[in-house]
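# this one's sequence-less:
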């Protein structure tokens, strides 16, 4: 064996640095969008896998099955019905492109529309995966603050006017209007109408990310922006990761032609995984509507456990608005707490949190905030993990003040 | 409904034009890398799906299952054993990254190593997906002619020397050495040693694409370049598309760290489809080795049918070397035949072929050549399709000369 070839000089400048090797998951993992394994409809998925493979399994020998590049036709047909029923959204199977998770949907929309130096408008607190993509693409991000009802329309109007004055036309307004990530808010219908009005006035399309929209506690949700629009100016994406299972990697885009054709031209992967599409279509057609309330019931219990644990361990040191659904809680800690530092100290102790600055484009606002995913850990792990987090936070920052094992003031 | 929003002005210049809507498959489809549905090991896959889901299905609730970002651990463990057994390649599970088909493997290697204006060396006739990617990336391509034993090493040496004189260091030498696409050749061990010697002398790594390597008729194959290398200068990729089923979208990269870490950092998709990985691992561990000879036996019969049909319909107008395995036949037609035009006329008649210029970087050499996939059409479809193709070719170009329904001379 001669000296190992050095690839490093061949990697162009500016490429992301090499990732470290994975060393396993932390004991108490409040990060990521992992789902609740207990609520996974396993028997239904197994039955679906059997049925669809028996009936159509040989089509796996053909790229795209017999459905072409937009994805397994029965899955698109299911989505047409589901979107109409749940989001008021009318479309046809031709308007849908099945993607490898909503992450690929984000990539395809961005690849079709964005160039370095473009400007986009997003919610100030936002999904980390979306923020990172925009940063990596060299796009200027304008973040609009949120309140308990989602994006502030008055501030959006200001931002649009300001950009117009500067001669900048943003490429889109990106919003997660139904169970916003990370804040858990829902944009009410009146604000949606205002958002659409502003978008139309300024000639800026809307990029609607409804990945978490199935997980509303009350199962009542305003119509999708895509449904309310009168000018077909909305690109709508969604996913099965939060309603069924994240590891399946199945998402979708609803967009008008020819824009969908541009995204299809960029999607040069010879199709997204066919087996997952087949199994999902087979399972969801009869069972999706019945599955979601069972799932959200279980998630709601975990949220309650988390909020209880925070109250017990952090007292008034942890402030939060109860999310209207979903799997995340957005928590504000006292001003002195730097959640990036808290994250580092906590992960050494075996607790992983999502530090606020990674979920916001406003560093000052998010500095003492954190996002906690409650879907994946068990109830015991939630309680133990939050207790441990409180210990670490107390040790690092002196808050919450603690007597014995629980918070006293803070 | 007001006027529909026009997205076209927002699409940056230089983006690929919008794809057309899919209108179904041609009646006689000799294109693409579709596999033989009859040989798909359906019962085995169904049994595997049941077993693995019963045992581990709840891990689908977690991104990456319990295996982290490099892919389902048992699948990587299977590949470690398989690569050793079939390719002489030694590696560990840590050296493997499971990808969404080998197309993603191509993208990750290219994203880690290539910048606009770089130079790469490839086989002059090559996989279309690879050529298109390089063109889209703005990379200069040097194509090395092949003969019946694959890439010409004398011409490779010339090219490397020529580039050196011009002060150009190519980023890699890309080769499909075992059942080359489209020529069906196998690079013998002696040429592999020469390729490695040249690569080491010039400090250029090798990018080895073994996607078709399982389909050698004799099941005897030279060791992988990765196995023969003494300086860890080979990136090796493979796929389950040709050995099991293309629609599953499961491929892999074998590469040294930290290069693999760079590719991992670029693979921001939260994991490739987990269900396919689980089912493949479960099926392949006991059955892969037994499945491949059954598959290749069936493929060989289809090749025989195709070669017979060509002989009958085209006579001497169709020249070809029998491929050493795989699913493709590379055919030379008389000099006057423009296969791009033939493709267009044929597809209108319901027969689809792959025109040579899309599978080569030498337009002159490939102008009258075509690639035919024989795996997917049935034996009858092969016979009927080739007869129809001969009619079209005769009509367009006067060759083959035909009396009745078969070729006479030409």
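Nice, I can see it. Quantities reported herein were computed from a predicted structural model and do not represent experimental measurements. Residues are numbered from 1 along each chain as shown, chains lettered A, B, ... in the order given.

# Tell me how chain A divides into domains.
With automatic domain parsing as the criterion, the domains of chain A are listed as A:25-40+A:290-397, A:42-287.

# so can I have a markdown table of those showing mean neighbour count and distance to chain B?
The way it works is simple: take the backbone N, C-alpha and C, and place the C-beta from them, glycine included. Compiled in a markdown table, the domains of chain A are given as follows (neighbours: other CB atoms under 10 Å in any protein chain shown; distance: least, CB to the nearest CB, whole Å):
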| stretch | mean neighbour count | distance to chain B |
| --- | --- | --- |
| domain A:25-40+A:290-397 | 20 | 4 |
| domain A:42-287 | 21 | 3 |
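
# wait, which of the ones you listed is closest to residue B:291?
Residue B:291 lies closest, by CB to CB, to one member of the domains of chain A: domain A:42-287, at 13.2 Å.

# Now do the end-to-end distance for that closest one.
Terminal residues of domain A:42-287 lie 12 Å apart, using CA to CA, to the nearest Å.

# and it, average pLDDT?
In this model, domain A:42-287 carries a mean pLDDT of 96.

# Would you pull up how far it lies from the middle of the chain?
10 Å (CA atoms, centre = their mean, to the nearest Å).

# Measure how buried residue A:22 is and give me the count.
By the criterion of other CB atoms under 10 Å in any protein chain shown, residue A:22 has 13 neighbours.

# Which residues are in contact with it?
Counting by CB atoms under 8 Å, 6 or more residues apart in numbering or on different chains, residue A:22 touches B:68, B:69, B:70.

# among the domains of chain A, which is nearest residue B:2?
With CB to CB as the measure, domain A:42-287 is the member of these nearest residue B:2 (4.7 Å).

# what's the strand or helix carrying residue A:190 packed up against?
Take DSSP states H and E as the rule and residue A:190 turns out to sit in helix A:189-202. Helix A:189-202 sits against strand A:150-151, helix A:153-165, strand A:173-175, strand A:206-209, helix A:225-228, with contacts defined as 3 or more CB pairs under 8 Å, 6 or more residues apart in numbering or on different chains; DSSP states H and E.

# Can you add distance to residue B:133 and give these back as CSV?
Shown next, in CSV, are the helices and strands packed on helix A:189-202 (distance: least, CB to CB, whole Å):
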stretch, distance to residue B:133
strand A:150-151, 38
helix A:153-165, 36
strand A:173-175, 28
strand A:206-209, 27
helix A:225-228, 33
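
# Helix, strand or coil: sort out residue A:282 for me.
At residue A:282 the chain is in helix, as set by DSSP: H, G, I helix; E, B strand; the rest coil.

# I figured it was touching residue A:48, is that so?
Yes. Using CB atoms under 8 Å, residue A:282 is in contact with residue A:48, at 3.8 Å.

# OK, contacts around the closest residue to residue A:75 other than its chain neighbours?
In this structure, residue A:75 finds its nearest non-sequential neighbour in residue A:281, 3.9 Å apart by CB to CB, 6 or more residues apart in numbering or on different chains. Contacts for residue A:281 (CB under 8 Å, 6+ apart) come out as A:52, A:72, A:74, A:75, A:77, A:78.

# try it again with 10 Å
Residue A:281 sits next to A:48, A:52, A:71-79, A:98, A:250 when contact means CB atoms under 10 Å, 6 or more residues apart in numbering or on different chains.

# Restricted to helices, list the residues you listed.
Mapping the contacts of residue A:281 onto helices (DSSP state H) picks out A:48, A:52, A:73, A:74, A:75, A:76, A:77, A:78, A:79.

# The first one: what's it in contact with?
Residues in contact with residue A:48 (CB under 10 Å, 6+ apart) are A:41, A:278, A:279, A:280, A:281, A:282, A:283, A:284, A:285, A:286, A:287.

# at 8 Å what do you get?
Neighbours of residue A:48 in contact, by CB under 8 Å, 6+ apart: A:279, A:280, A:282, A:283.

# Just the endpoints, please. Distance across stretch A:323-341?
Terminal residues of stretch A:323-341 are spaced 25 Å apart (CA to CA).

# Residue A:94: what's its closest spatial neighbour, skipping adjacent residues?
Among residues not flanking residue A:94 along the chain, residue B:21 sits closest, at 6.8 Å (CB to CB, 6+ apart).

# Look at that neighbour and give its secondary structure.
Following three-state DSSP, the label given to residue B:21 is coil.

# The strand or helix carrying residue A:307 vs helix B:274-314, what angle?
Using DSSP H and E, the element containing residue A:307 is helix A:274-314. Compare the direction of helix A:274-314 with that of helix B:274-314 by axes from the mean of the first three to the mean of the last three CA atoms, to 10 degrees and you get 160 degrees.

# Please work out the average pLDDT along the following helix or strand past helix A:274-314.
Toward the C-terminus, helix A:274-314 is succeeded by strand A:319-320 as the next helix or strand (DSSP H and E). Over the span of strand A:319-320, the pLDDT mean works out to 98.

# Identify the neighbouring strands of strand A:319-320 in the sheet and state each direction.
Partners of strand A:319-320 in the sheet, by DSSP bridges, are strand A:328-332 (antiparallel).

# ok, and what's touching the partner strand?
Residues contacting strand A:328-332 (CB under 8 Å, 6+ apart): A:33, A:125, A:181-184, A:303, A:306-307, A:310, A:318-321, A:323, A:359, A:368-374.

# Could you do stretch A:125-132 as well?
In contact with stretch A:125-132 (CB under 8 Å, 6+ apart) are residues A:103, A:106, A:122, A:141, A:143, A:146, A:174, A:176, A:180-183, A:209, A:211, A:330, A:354, A:356, A:358-362, A:365-366, B:268, B:270.

# give the contact list for residue A:250.
Counting by CB under 8 Å, 6+ apart, the residues that residue A:250 touches are A:75, A:98-101, A:239-241, A:272-273, A:276-277, A:280.

# go again using 6 Å as the cut-off
Shown in contact with residue A:250 (CB atoms under 6 Å, 6 or more residues apart in numbering or on different chains): A:240, A:276, A:280.

# Report the spatially nearest residue to it, omitting neighbours in sequence.
In space, residue A:250 is closest to residue A:240, 4.7 Å off (CB to CB, 6+ apart).

# Also residue A:46?
residue B:53 (4.9 Å).

# What's the separation between that neighbour and residue B:150?
The spacing between residue B:53 and residue B:150, counted by CB to CB, to the nearest Å, is 42 Å.

# do the same with residue A:51
Applying CB to CB, the value for residue A:51 to residue B:150 is 45 Å.

# what's the closest non-adjacent residue to residue A:327?
residue A:375 (3.9 Å).

# before we move on, what about residue A:204?
residue A:170 (5.3 Å).

# What are the contacting residues of the helix holding residue A:190?
By CB under 6 Å, 6+ apart, helix A:189-202 touches A:153, A:157, A:160, A:173, A:206, A:222, A:225, A:228, A:229, A:231.

# One more: stretch A:336-351?
Stretch A:336-351 has contacts (CB under 6 Å, 6+ apart) with A:26-28, A:353, A:355-357, A:368, A:370, A:385, A:388-389, A:392-393, A:396-397.

# Need the mean per-residue confidence for it.
pLDDT averaged over stretch A:336-351 gives 97.
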